[in-house]
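From the sequence below, what's the structure:
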Amino acid sequence: EVQVVESGGTLVEAGGSLRLSCAASGFTFDDYAIGWSRQAPGKEREGLSCISSDGNTAYVDSVKGRFTISSDKANKIVYLQMTSLKPEDTATYYCAVDPTTTTCRYADFRTWGQGTQVSVSS
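Numbering: from 1, shown residues only. So this is what the prediction gives:
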């Protein structure tokens, strides 16, 4: 069974940094696209970043330059390094995987984790 589990969320002060982890299992980690999204209370889920097995990464403008996505293929973990955090970054952060593609552009994220809460105080 394909699964992803997020971790690393916590309370942090504005301007601080945090690294989220997405541990994947149930597939070979040879072909994949893994994406990070977030959802704040009362708002729609927002796609943030994606990394694929062909080495490409993508970011939404609101986090470009502040967030960095990376993968540890040996341990099947994808990280989201977040810096210069702002109160508006407060949300539940989710990762999702498409284990059938090698590119973010055509990813169909059907397997989602339960999320990890990030709170940024002002």
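
From here on, just use CA atoms for contacts and neighbour counts.
Will do.

how about low-confidence regions in the chain?
Scanning the chain for pLDDT under 70 picks out no residues.

Please enumerate the strands of it.
Shown for the chain, the strands assigned by DSSP state E span residues 3-7, 11-13, 18-25, 33-39, 46-52, 57-59, 67-72, 77-82, 91-98, 111-112, 116-121.

CSV please, covering these and showing distance to Arg105.
Formatted as CSV, the strands of the chain follow (distance: least, Cα to Cα, whole Å):
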stretch, distance to Arg105
strand 3-7, 20
strand 11-13, 32
strand 18-25, 20
strand 33-39, 9
strand 46-52, 9
strand 57-59, 9
strand 67-72, 16
strand 77-82, 18
strand 91-98, 11
strand 111-112, 17
strand 116-121, 25
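
and Pro99, backbone torsions?
phi -90, psi 10 (degrees, to the nearest 10).

now it, nearest residue through space, not along the chain?
Tyr32 (4.3 Å; Cα to Cα, 6 or more residues apart in numbering).

The one you found against Tyr106, yeah?
No. Assessed by Cα atoms under 8 Å, Tyr32 is found out of contact with Tyr106, at 10.7 Å.

These two: which has the busier surroundings?
Using other Cα atoms under 10 Å as the criterion, Tyr32 and Tyr106 rank with Tyr32 on top: 21 against 11.

which residues does the spatially most central residue of the chain form a beta bridge with?
By Cα atoms, centre = their mean, the chain has its centre lying nearest to Trp36, at 2.6 Å. Residues in a beta bridge with Trp36, per DSSP bridges, are Ser49, Cys95.
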